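[1] here is the input, now give the coordinates:
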Amino acid sequence: QGLKQAKEMKDSWMVEVARKTMDETPIHMLALFSAGKVSFTQAEGLVDLMNLKIFRGLRKLRKGSKG
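    Okay, here's the model as predicted:
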């Protein structure tokens, strides 16, 4: 949602600030501010996938989408 709002902004510097903020925000914080779209379990699953713990990450992604 943050990137959607950034695209609607008229000032190019504000768009750049929004993009850099999203790039540097920890995944757990994105889960916190996602209004329920991404659970903490799903965020942990993404971290596991990035750390090459494929099956653990996929399991957490599935578990997070159910509950």
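
[2] contacts and neighbour counts: CA atoms only from here.
    Noted.

[3] ok, the residue nearest to the spatial centre of the chain - contacts?
    Using CA atoms, centre = their mean, the residue of the chain that lies closest to the mean C-alpha position is Leu30, 4.4 Å off. With contacts defined as CA atoms under 8 Å, 6 or more residues apart in numbering, the neighbours of Leu30 are Val38.

[4] same check, this time on Ile27
    Contacts of Ile27 by CA under 8 Å, 6+ apart are Ala43, Val47.

[5] next one: stretch 42-53 to chain centre, how far?
    Centre-to-centre, stretch 42-53 and its host chain are 12 Å apart (CA atoms, centre = their mean, to the nearest Å).

[6] and it, which residues are buried?
    For stretch 42-53, burial by neighbour count (16 or more other CA atoms under 10 Å) applies to Gln42, Ala43, Glu44, Gly45, Leu46, Val47, Asp48, Leu49.

[7] ok, these vs Thr21, which is closest?
    Ala43 (17.5 Å; CA to CA).

[8] ok, the residue nearest to Asp48 when sequence neighbours are not counted - how many residues close by?
    Spatial nearest neighbour of Asp48, chain neighbours left out: Gly57 (4.7 Å); criterion: CA to CA, 6 or more residues apart in numbering. Gly57 has 22 neighbouring residues, counting by other CA atoms under 10 Å.
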